[in-house]
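**Q** Make a model of this:
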Amino acid sequence: MNTTVPADVGRVSRKGLPVLVIDDNEMDREIIVRHLDKAWPFESDMVLDQAGDGREALQKINGQRYALIVLDWKLPHVGGGEVLRHIRGNGVRIPVVVLSGLKRVDIAEDLDKLCAAFLNKDEMTPDTFHQAIASSLRLLGMAV
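**A** Down below sits the predicted model:
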């Protein structure tokens, strides 16, 4: 389920680094994109792609290489944990930021071992999003 990118988001373009935002709530996706636009740490613009559930996300991930994946933990059909394990199980080294309304302690997965940063949706700001992106890069041995 692709959605239209808000017209006032500045760093989204047709050329740049591809980013996949996965969330089943359209309003949450819009908020994520707005924060991501302000938190974006790279010189290149982002090319935004979106998925509304885990199945759609897996199809997109299997057909496209992304520079960053923003992954909601609670998704219909295929959950965020399964999407993340699929990514890592296939040896794909893409920075991943896991978002959730849950607290980190409520997610049983070892996100650090899966090289994914965590950000609570209630605590999401451009600054905390930037820190989560940087953390996901560090977990993969990359630098911002």
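
**Q** just checking, what packs against the helix or strand of the chain with the lowest mean pLDDT?
**A** Per-element confidence for the chain was summarised using mean pLDDT, DSSP states H and E. The lowest value among helices and strands belongs to strand 12-22, with a mean of 83. Under the contact criterion of 3 or more CB pairs under 8 Å, 6 or more residues apart in numbering; DSSP states H and E, the helices and strands touching strand 12-22 comprise helix 26-39, strand 46-51, helix 54-63, strand 68-72. In short, each C-beta sits where N, CA and C put it, glycine included.

**Q** relative orientation of the third one and strand 46-51 in degrees?
**A** Yep, that's helix 54-63 we're talking about. On the basis of axes from the mean of the first three to the mean of the last three CA atoms, to 10 degrees, helix 54-63 is oriented at 140 degrees to strand 46-51.

**Q** So what's the gap between helix 54-63 and the chain middle?
**A** Distance of helix 54-63 from the chain centroid (CA atoms, centre = their mean, to the nearest Å) equals 13 Å.

**Q** could we number from 17 for the rest of this?
**A** OK, 17 is where the count begins now, so the last one is helix 70-79.

**Q** contacting residues for the residue nearest the centre of the chain?
**A** Using CA atoms, centre = their mean, the residue of the chain that lies closest to the mean C-alpha position is residue 86, 0.6 Å off. With contacts defined as CB atoms under 8 Å, 6 or more residues apart in numbering, the neighbours of residue 86 are 35, 36, 37, 38, 39, 48, 52, 112, 113, 115.
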